[in-house]
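Colleague: model this:
(chains A and B)
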Protein chains: 2
Amino acid sequence: MLRTLLLLLLLPVCLFAQTPQQKVREYRRANEHQILNEFTTLLAIPNVASDVVNIRRNAGRILQMMKDRGLNPRLLETREQNSPPAVYGEWKTPGAHRTILVYAHYDGQPTDSLQWTSRAPWKPQLYTAALEANGQNTPFFDAGLINPEWRIYARSASDDKAGVMAILTAFSALKEKGVVLTSNVKFFFEGEEEAGSPHLGEIIDANKELLEADAWIICDGPVHQSGRKQVVFGARGDINVDLTIYAAKRPLHSGHYGNWSPNPANLLAHLLASMKDDAGRVTIDGWYSDVEPLGAAEQRAIADAPQYDEELKKQLGIKRTENAGKTLMEVINQPSLNINGFASGDVGALARNVIPTTATAVLDLRLVKGNDYQRQVQRLIEHIRKQGYFITEHDPTDAERAQYPLLARVKVRPGGYNADRTRMDLPISQSVINAVQSTSTDKIVLLPTSGGSLPLSIITERLKTVTISVPIANYDNNQHAENENIRIQNLWDGIETWAAIMTMK
Amino acid sequence: MLRTLLLLLLLPVCLFAQTPQQKVREYRRANEHQILNEFTTLLAIPNVASDVVNIRRNAGRILQMMKDRGLNPRLLETREQNSPPAVYGEWKTPGAHRTILVYAHYDGQPTDSLQWTSRAPWKPQLYTAALEANGQNTPFFDAGLINPEWRIYARSASDDKAGVMAILTAFSALKEKGVVLTSNVKFFFEGEEEAGSPHLGEIIDANKELLEADAWIICDGPVHQSGRKQVVFGARGDINVDLTIYAAKRPLHSGHYGNWSPNPANLLAHLLASMKDDAGRVTIDGWYSDVEPLGAAEQRAIADAPQYDEELKKQLGIKRTENAGKTLMEVINQPSLNINGFASGDVGALARNVIPTTATAVLDLRLVKGNDYQRQVQRLIEHIRKQGYFITEHDPTDAERAQYPLLARVKVRPGGYNADRTRMDLPISQSVINAVQSTSTDKIVLLPTSGGSLPLSIITERLKTVTISVPIANYDNNQHAENENIRIQNLWDGIETWAAIMTMK
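Modeller: Here you go, the predicted model:
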């Protein structure tokens, strides 16, 4: 009787008591149009790191968004006047025994507007589905239901203003609903990640105490191809190299001189072909020799990950992969060599019967734990030299042209860094795993490393902290390319994920 | 005494009697500014064959130039309304037993204005020397001496409006000075040679009687690299092919997918490398097997040609040539395979960390006597197939993507044709050789074939005539490329050369 009475008394409470996730969802549902409005306002500001004026307008907008939330924000400037500032803010939680720093970046990759369907990467567009699935352009609207399968197209819609937006909206939701955070939370939004984070080290060095934390938790990159949420414990290192091959000093008629005067595109084709075998394995000496083996937890995580390669091949329209027989998950745990771009002469309507004077390729070297980016570049240079090339860092002089039969310019782009990986069995790693898992009925995916890169080593080497990434974007977001987009449900899910991190046990 | 008297009587005649060449030179010297003015007016009209409006303005201008000379000109139209007309005119010489047709073309190669130093290919510019020799831009002027080493920069300054101008000015000079021509002369200026002469056959078929001649004598291409005048008895055939390799349907992040999803630039590099060995010899099966051997006169002409390769290598800044050990003259008597352009993704500031979706190369196949262009293209296609590619003529369908690991699109550009060669020992060949030699104190160069191409077979197969080319442009004219130019002395020499042809024995 007494038990029955107690149950009856408790019933209304049980029926109406909400989990923090439910409260966050309620907040989001009540504010969807306002959230998208704040998001598209931010997306409308061009955000290439080298665009001095506009990148600062982004920082100013984020500063205001953080002021609105009471996060006491400030800009962290670099010594170099024209480089983008980081935007910093913080929320102190009385009695918290842990400090986390949450990170996203507000700059995006450069792009050619003409390659976008909209012709306007910084004019956000709403589509009823992915363009590849015949999504139709539809105007933004102010009230009523928003289909969460719709997508917003704009540069950085997913990479990585979605990160900025998910983090700040998660905080708004928790604050509004009176949910107490479990950590002191520092907010850090970088403005030149896509340019290789050339000043991140300087900013950390100048603000060490401010930026110390038990972990930097990073919102960047896509969830698993299967749609499952994932937690990523490392990222590959990265370095880009511009490689140019020289032929005759002036463009020549391909009839009068063809197959006598050297063709730079042909030379570069031979040189690139020498770097990888037909199966896609890199044939440069020592390319794989520094790789640090994976631990037991990491190997298990890979084995547990969903088998998704065949589905992915179908979606991408490819029947054959490089490094056949290895899964994508295995391949990203190896260093890579990729051609980002190749150009010589013209193709299409502008093509002429000429022998071009130069041929250029942009190479992307990804690195895993154990690799050193400078050593890896040196291996590439040695390989080119072994193919008979004299290597310069400038256009060849007449004397060099007279002396060397094969001439290559190698320019290492600034901003390279090494890979980094956090152990999965640390307490903070387990807390993050449990927090993200608590928001999903699907088993989340745990990745020892992301295929993509983040300047994690710049952080961990300076601050003696660890980094863990919790991405939110849809995997088919056209990241770094034209027609970048975010599926709206991924933004909604991301808000809940990041609220869980801010309230994790 | 009588002898002395006779000598005295003859002296004034000997001193003042002029050769036709001297008369032509006198005419030119008296009219240099007017000649250049007429020339630059023609150069200022954009002349890409596909530029429907402007190409017809060129035809109109040339029609007027011919009217001014009393050549009774008319346009020869094609059935297709928008394609460029040929401009035809004629001069009947009473009692002449021979009819020659003189040919040049008024269209030029397409070009990217931004690659020109002037940024304006159709705004003729005067320079005090070649740009490569630090020539300085200087205004055109109306009176006074013109330095013949100066150059005029503009699209088609040499290829081939210089031909139109030399022919018409030679005629003006002869007419003005009262020098009687030795042949009936027909004038024919084509408007789509650089587009592969797709309607030349049609125009000939529709005007057979009008275009019949004992020989078509063609003004196109450069003189020998040594600066010596040359007569060319053939030209290589030509056909262009667009080759595109396909990877994943959408651009992918090169970190998340690199070295797993195929890279189209890497595939194309391997494919192109398979087509030529390191020495530059084409490795496609049967590439050289149809070549018709040279006759004795042709072999002697090659042996007699100036040895100029080493000087040329110095000027071009190259130490190594393709097909090392063979001279340029030997190499152009072989079929070639050349890469005109290659593109995948972006390079430079627009480069991003992506795997591009496609890679494209434009290939240029040159053909010699014995080759058939369709057979040669078939060999290329067979080679690509042997490397494992499925070949389409369109973007691959999803079904094709699911079925074939390697996908290539091969598009054969319209306008291909075979090589042609006229025997050097014909009477008309000897007449042209003697005429050109009479204008030069240097031994002229005789070439069995040009490295460049002309649609000669379209002419000879229809009209049972022969073709002989008498080029006038400086060899370093940047033909087909940006910064095309003509050295003024080459135009002056060209006028004398062509006057000699119109008055040859």
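Colleague: which residue does the stretch 51-200 of chain A bring closest to chain B?
Modeller: residue A:109 (4.9 Å; Cβ to the nearest Cβ). (Glycine included, C-beta is placed from N, CA and C.)
Colleague: burial of that residue, as a residue count?
Modeller: Residue A:109: 24 surrounding residues under other Cβ atoms under 10 Å in any protein chain shown.
Colleague: my read: it touches residue A:158, true?
Modeller: No - counting by Cβ atoms under 8 Å, residue A:158 is not a contact partner of residue A:109; they are 11.4 Å apart.
Colleague: how about residue A:156: what's its closest non-neighbour residue?
Modeller: residue A:108 (3.7 Å; Cβ to Cβ, 6 or more residues apart in numbering or on different chains).
Colleague: what do you get for residue A:481?
Modeller: The shortest distance from residue A:481 to any non-neighbouring residue, by Cβ to Cβ, 6+ apart, is to residue B:251 (3.5 Å).
Colleague: surely that neighbour meets residue A:482?
Modeller: Yes - using Cβ under 8 Å, residue B:251 makes contact with residue A:482 at a distance of 7.1 Å.
Colleague: at which residues are the helices of the stretch 201-350 of chain A located?
Modeller: Along the stretch 201-350 of chain A, the stretches classed as helices by DSSP state H, counting those that start in this stretch are A:208-211, A:264-273, A:296-304, A:309-316, A:328-331.
Colleague: those helices: which one's closest to residue B:424?
Modeller: Among these, helix A:264-273 comes nearest to residue B:424, with 33.5 Å by Cβ to Cβ.
Colleague: tell me the mean pLDDT over that closest one?
Modeller: Averaging pLDDT along helix A:264-273 yields 98.
Colleague: what's the answer for stretch A:68-82, then?
Modeller: On average, stretch A:68-82 scores 95.
Colleague: check which residues of it are buried.
Modeller: A:69, A:71, A:73-74, A:76-78 (16 or more other Cβ atoms under 10 Å in any protein chain shown).
Colleague: ok so residue A:391 is a helix residue?
Modeller: No - when classified by DSSP: H, G, I helix; E, B strand; the rest coil, residue A:391 is found to be strand rather than part of a helix.
Colleague: hey, what's the nearest residue to residue A:432 once chain neighbours are set aside bridged with?
Modeller: Once flanking residues are discounted, residue A:432 sits nearest to residue A:468: 5.1 Å by Cβ to Cβ, 6+ apart. Beta bridges link residue A:468 to residue A:217 when assigned by DSSP bridges.
Colleague: mind checking how far residue A:468 is from chain B?
Modeller: 18 Å (Cβ to the nearest Cβ, to the nearest Å).
Colleague: could you report the pLDDT at that residue?
Modeller: Residue A:468 carries a pLDDT score of 97 in this model.
Colleague: secondary structure and distance to residue B:444 for the buried residues of stretch A:68-82 - can I get that in a markdown table?
Modeller: Formatted as a markdown table, the buried residues of stretch A:68-82 follow (DSSP: H, G, I helix; E, B strand; the rest coil; distance: Cβ to Cβ, whole Å):
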| residue | secondary structure | distance to residue B:444 |
| --- | --- | --- |
| A:69 | coil | 85 |
| A:71 | coil | 84 |
| A:73 | coil | 81 |
| A:74 | strand | 80 |
| A:76 | strand | 75 |
| A:77 | coil | 72 |
| A:78 | coil | 68 |
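Colleague: make CSV out of these and add distance to chain B.
Modeller: Shown next, in CSV, are these (distance: Cβ to the nearest Cβ, whole Å):
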residue, distance to chain B
A:69, 31
A:71, 31
A:73, 30
A:74, 31
A:76, 26
A:77, 25
A:78, 21
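Colleague: now distance to residue A:102 too, for those, in a markdown table please.
Modeller: Shown next, in a markdown table, are these (distance: Cβ to Cβ, whole Å):
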| residue | distance to residue A:102 |
| --- | --- |
| A:69 | 13 |
| A:71 | 11 |
| A:73 | 13 |
| A:74 | 16 |
| A:76 | 15 |
| A:77 | 21 |
| A:78 | 21 |
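Colleague: what's the most distant pair in the residues you listed?
Modeller: So, these by Cβ to Cβ: farthest apart are A:69 and A:78, at 25.1 Å.
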